[in-house]
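Colleague: A predicted structure for the sequence below; I have some questions about it.
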Amino acid sequence: MIPRNLEFDLQKAWRLFLFVTGLALVHSLETVAQESHGSFELEILPLLTKHGCNSGACHGAVAGRGHFFLSLWGSDPKADYEQIVHAFGSRRIRYQVPEESLLIAKPSGRLAHEGGERFDPESPVAKTLARWIQAGAPYGDSKSILQFEVTAKKIEPMQIPTVFQLDANLVTDGPAIGQGIAGQDITDRVTWEIDPNGGLEWIEHNPLKVRLVRPGRHLVLARFADQVRSLVLIAPYPVSSVRKIPGASWIDGHIDELLDQANVSPTPLVDDLTWLRRTSFHLIGRLPTLEEIEFFEQLDPSGRKPMIVDQMVGSPEFGVFWTYKLARWIGFRPIANEPQATVAFHKYLKARVSTKHSWKQIAKELILSTGDSHEVGAANFSRLAADPRAHAELISKVFLGSRLGCANCHNHPLDRWTQDDYHGMAAILSGLTRTRQVSIVGGGQVTNLRTKEPAIPKLPGGAFLNVQLGEQVAQGNLEQLTEWIFDHKDPKFAKVLANWLWASMMGRGIVQPVDDIRVTNPPSHPQLLERLATMLIDSDYQPAVVLKAIALSDTYARGEAQGDGDLTDPSFFAAHDSKVLAPEVLYDAIGDSLGGKLDDQTRAIEWLDPTIASDALDLLGRCGKATACELSNNQSLQSLSLPQQLHWINGSLVNRAIESRLGFLHQELDQDVENEDILVRMSLRLLTKHPNQEELRRWTEQIPEDAQERKAWFEDWTWSLISSHRFLTN
């Protein structure tokens, strides 16, 4: 029998042994983890992303899969670590037998897995996960202060198919937390994405190589942890026999640089009358008149383009047209059942644009203005949104060129915006009332769908703001948001505006679509976009400065692509990307070219309210009455419905204008003007083009001598011109 006091001493010794053993085990796990530099963020999470475990189709879905919730593409590493290591009593991890952990057994196919087999049980992936679990599943080094960069090295030969070797490395931009990880090659841990139908294919994985089998501009995306990068790869087109002539302006220099890299020859320059027509549509929204054409042709060809551009941007018509453009950009629509508010909003935009106010100042006023919206026109911008979330999405779309709405339910899969960014911006705007009296009252709240708690006001991609309720705090938060948007050190709005102006003139943006600026949708010509933005800043955000520079470049004066077989990537801007005229502009062009107004009203581009009754504009495809207009309208007549196309052929819209006794055609017919003179003048009015001798000969031979038949022939001929590609496009 053991003495009682000795038995007590043995129990204490046993407990001490267990305690010391436990400490030793913990120390051993920490030592192993330290020796292996195990890191959940840098080593484990990228493997799960690479094999699709946290994709939207798997556990990265909002509702998760099988009660296993991961953030989309690893955007919330700490929450993912909690789910994998600690949730459900750590049931997904078995430290004693790592290979039997659910984290390995299910995706490797050893246990039933709805997502199927993602990797082999004996693969390096499975072994890496097992080593990490054996080391105690440490969180390890954090990438919160790290970035990563991707590079592409072209491999000879230098023609199609072009081969690039891709690499990815960690870089640090902060304190050296986690010594030794900066500069680390992570190529094999990055998730690389290409469009398999986009002319790219993987050909080797060690080292990683991609082959470009189609000429043009190609995009490769790279994901690591919660970050994403993009690479633009250029494959040259076959050698062209056309000699490239360098453009005359600095804009042409940027465009020519990429054209040379892609071995692309631009289309020839259009003639000066075609340039005049195009410029008139783009700067003042209408056709040049017969008198303006005659004046232009009398000027010295060497200096007439700058003179005409200066006249256009200095005219009242410039203000009218760009009021219309601004209204369409911001999504102007009538305020329901409050015509006074709609009128005030219209007057505000017209007054600001026509008096050449800074567009940066206009934008700030649209965000910050409060008061009686029947009197303070700018306050109605806030009323275009039904709630704080819609307001945040509207501001981000118009002034940031970003689709922030993608971060509502989860972090943006293709951009840096998080759910906290989305709901934090909405929280800043929740203190606004959106009734007739727009005011900042404070006290409003929105729910963060991630935390299920009231969202904390936050600048997108930046700091959290004051959470205290009250009017003064809400006003301060809104002002901080506005200052962040228009920060001169990071001119986000300048780039957005420059890109939109370029798209308005060139048919597509340097970033396309214009409201989708993000790291995974890089600009085709980043230096050009930077310089255009700088021009705006230096001119106090006057669009005319940028518009003039574009209009006087050779890039703008290029002809259209040569035929349907031209597959040159339009982002090179080797040809002008002409668009069908916007409905309001086309409506005015019909009346201007044929003479007389189609209705006893002002020009259609002055009808900012899309609910103004007009069957003709509805026929031409104007934006819906119940919703805001889009940033651009590129609808073609060929995309109109069959009834709409039949109306164009037989309806009153075009035919009434052609048959009008007050129109140019019938005035000249009634005055017995010579056939050839009518053909020349109507061709100039409709197409801004002199008919050549062959056209005149062919047409005059067809004209009947009988007066009634002659009238009918000219009406049919006019209809054919007004239905032509040249008339319908800019």
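Modeller: All right, it came through fine. In this text, all values refer to a predicted model and were calculated from it rather than measured experimentally.

Colleague: okay, CA-based contacts and neighbour counts for the rest of this
Modeller: Fine.

Colleague: does residue 96 count as helix, strand or coil?
Modeller: coil (DSSP: H, G, I helix; E, B strand; the rest coil).

Colleague: Excluding chain neighbours, give the residue nearest to it in space.
Modeller: residue 134 (7.4 Å; CA to CA, 6 or more residues apart in numbering).

Colleague: Report the central residue of this protein.
Modeller: residue 516 (1.8 Å; CA atoms, centre = their mean).

Colleague: give me the number of residues near the spatially closest residue to that one that is not a sequence neighbour?
Modeller: Residue nearest to residue 516 in three dimensions, not counting chain neighbours: residue 402, with 4.9 Å by CA to CA, 6+ apart. Residues lying near residue 402 (other CA atoms under 10 Å) number 22.

Colleague: quick one, what contacts residue 402?
Modeller: By CA atoms under 8 Å, 6 or more residues apart in numbering, the residues touching residue 402 are 396, 515-518.

Colleague: Just confirm it is within a helix.
Modeller: No. Looking at residue 402 with three-state DSSP, it is coil, so not inside a helix.

Colleague: that older thread, quick check: the residue nearest to the centre of the chain touching residue 398?
Modeller: No. Here residue 516 lies out of contact with residue 398, judged by CA atoms under 8 Å, at a distance of 10.2 Å.

Colleague: how far away is residue 381 from residue 514?
Modeller: 20 Å (CA to CA, to the nearest Å).

Colleague: about what we covered before: contacting residues for the residue nearest to residue 96?
Modeller: Applying CA under 8 Å, 6+ apart, the residues near residue 134 are 29, 95-98.

Colleague: and which of those residues is nearest to residue 59?
Modeller: Ranked by distance to residue 59 (CA to CA), the contacts of residue 134 are led by residue 98 at 21.2 Å.

Colleague: Can you check the pLDDT for the closest one?
Modeller: Residue 98 carries a pLDDT score of 86 in this model.

Colleague: do the same with residue 85
Modeller: Note on residue 85: pLDDT of 88.

Colleague: count of residues packed around it?
Modeller: Neighbours around residue 85, by other CA under 10 Å: 20.

Colleague: Looks like residue 358 contacts residue 541 (just checking).
Modeller: Yes. Counting by CA under 8 Å, residue 358 touches residue 541, with 5.2 Å between them.

Colleague: Report the set of residues contacting both of these two.
Modeller: What both residue 358 and residue 541 touch, as defined by CA under 8 Å, 6+ apart, is an empty set.

Colleague: Between the two, point out the one with more neighbours.
Modeller: Comparing residue 358 with residue 541 by other CA under 10 Å, the one with more neighbours is residue 541, at 24 against 18.

Colleague: pretty sure that one contacts residue 359?
Modeller: Yes. Counting by CA under 8 Å, residue 541 does reach residue 359; the two are 5.4 Å apart.

Colleague: okay, residue 181: pLDDT?
Modeller: At residue 181, the model reports a pLDDT of 57.

Colleague: gap between residue 726 and residue 348?
Modeller: Residue 726 is 35 Å from residue 348, by CA to CA.

Colleague: ok, and what's touching stretch 498-510?
Modeller: 282, 511, 514, 523-526, 529, 532-533, 536, 543, 546-547, 550-551, 556, 571, 576-579.

Colleague: burial count for residue 709?
Modeller: Going by other CA under 10 Å, the residues that sit close to residue 709 add up to 12.

Colleague: That one sits in which helix or strand?
Modeller: helix 707-722 (DSSP states H and E).

Colleague: what's the following helix or strand past that helix packed up against?
Modeller: Per DSSP H and E, the first helix or strand lying C-terminal to helix 707-722 is helix 725-728. Counting contacts by 3 or more CA pairs under 8 Å, 6 or more residues apart in numbering; DSSP states H and E, helix 725-728 is packed against helix 675-687.

Colleague: For the helix it packs on, buried residues please.
Modeller: By 16 or more other CA atoms under 10 Å, the buried positions in helix 675-687 come out as 675, 678-687.

Colleague: what distance separates it from the centre of its chain?
Modeller: 42 Å (CA atoms, centre = their mean, to the nearest Å).

Colleague: Could you export the helix or strand that it is followed by as CSV, CA atoms only?
Modeller: The helix or strand immediately downstream of helix 675-687 is helix 693-702, counting by DSSP H and E. What follows is helix 693-702, C-alpha atoms only, in CSV (Å, rounded to 0.1, in the frame of the first residue of the first chain):
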residue,chain,number,x,y,z
GLN,A,693,-18.9,62.7,-111.6
GLU,A,694,-19.9,59.1,-112.1
GLU,A,695,-22.6,59.3,-109.4
LEU,A,696,-24.0,62.5,-111.0
ARG,A,697,-24.0,60.9,-114.5
ARG,A,698,-25.7,57.8,-113.3
TRP,A,699,-28.3,59.7,-111.3
THR,A,700,-29.1,62.3,-113.9
GLU,A,701,-29.7,59.6,-116.5
GLN,A,702,-32.4,58.0,-114.3
